[in-house]
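>>> predicted model and sequence below, questions to follow.
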Amino acid sequence: MNSMDAHALGLETGDLVKVSSRHGVVLRHVYLTDRIMPGVVALGEGAWAQVDEASGIDIAGATNTLNGAIPTGQGHQGWNTCNVKVEKYEGPLNLEPDFTWDPRVAIKEV
């Protein structure tokens, strides 16, 4: 996230933020940089959704949680046109860094 946008929201690198769209909500730790345009946020993809049942929040930060069922094709990518709101999260969930999570294995050789 651009540092000017973040400072206007009272955010610092490492803060836990709630990123929400009309389709869903994810939690992520924010990283501030001037290498991204003001008004734009980036969320790395590749996470498998892991929704907290009590709150309905995806704690894994899957981009599809924010994009919803937007069909892609013919040069349109749904994640490039997703409007989100970013705000500091001060709820009951505590998000540990992803690298401390147990790995998920989709296919395992026996």
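Noted; the coordinates are in hand.

>>> which is the next helix or strand following the worst-scoring helix or strand of the chain on mean pLDDT?
In the chain, the helix or strand scored least confidently by mean pLDDT, DSSP states H and E is helix 63-67, which has a mean of 87. Sequence-wise, the next helix or strand downstream of helix 63-67 (DSSP states H and E) is strand 85-88.

>>> contacts for that next one, please.
1, 5, 9-11, 15-21, 30, 41 (C-beta atoms under 8 Å, 6 or more residues apart in numbering). Heads up, the C-betas are built off the backbone N, CA and C, glycines and all.

>>> the same query, at a cut-off of 6 Å, please.
Residues from elsewhere that reach strand 85-88 (C-beta atoms under 6 Å, 6 or more residues apart in numbering): Leu11, Asp15, Val17, Lys18, Val19, Ser20.

>>> just stretch 8-19 next, same as before
Counting by C-beta under 6 Å, 6+ apart, Val25, Val26, His29, Val30, Tyr31, Leu32, Val84, Val86, Glu87, Lys88, Tyr89, Leu95 sit against stretch 8-19.

>>> what residues are up against the fourth one?
So the one you mean is Val30. With C-beta under 6 Å, 6+ apart, Val30 has these contacts: Met1, Leu11, Asp15, Val17.

>>> if anything else comes up later, I'll come back, but that's it for now.
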